[in-house]
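Engineer: Sequence plus predicted model, see below.
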Amino acid sequence: MEIDKKIIKKLMEVLEDIKQSLKGNEIINSEDSIEEEIDDPNKVIKSPIVGTAYLSPEPGAKPFVSVGRTIKKGETLLIVEAMKTMNHVPSTADGVIKKVCVEDGQPVEFGQTIIVLE
């Protein structure tokens, strides 16, 4: 397969034009995860496994947690389904829910922040 040098040259010119037009502007890739810096790692709850997060025990039911609610260590925060097994994710500390970082039915990765406590 032969690559047309004219096409490569044109692409390089276009990229250089884009670079010049963006000079001084910061580019943020929406795919990059922007994590808040949190002083106390005990106040961040991360997913223990890869799977699908569910915020309530069944569809249409009241969610396990909501922002502003006080929780105790060991209390179920959400369920992560992996290979048809429902895994309850417990709180690792007492606190108040500051932020729920996942939506119901959203896929989660191992180590992904799912809940932030105050």
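Structural biologist: That came in fine, so what should we check first? Numbering: from 1, shown residues only.

Engineer: State the distance from residue 50 to residue 58.
Structural biologist: 22 Å (Cβ to Cβ, to the nearest Å). C-beta coordinates here come from the backbone N, C-alpha and C atoms, glycine included.

Engineer: and these two? which has more neighbours close in?
Structural biologist: residue 50 (14 against 8; other Cβ atoms under 10 Å).

Engineer: List the contacts of the more buried one.
Structural biologist: Residue 50 makes contact with 82, 107-110 under the criterion Cβ atoms under 8 Å, 6 or more residues apart in numbering.

Engineer: do residue 49 as well
Structural biologist: Counted by Cβ under 8 Å, 6+ apart, residue 49 has contacts 80, 82, 87, 110.

Engineer: top of those by neighbour count?
Structural biologist: Busiest of the contacts of residue 49 [other Cβ under 10 Å] is residue 80, holding 23 neighbours.

Engineer: wait, doesn't it sit right on residue 46?
Structural biologist: No: at 10.9 Å, residue 80 and residue 46 do not qualify as touching, with contact defined as Cβ atoms under 8 Å.

Engineer: quick one: low-confidence parts of the protein?
Structural biologist: 1-2, 24-42 (pLDDT under 70).
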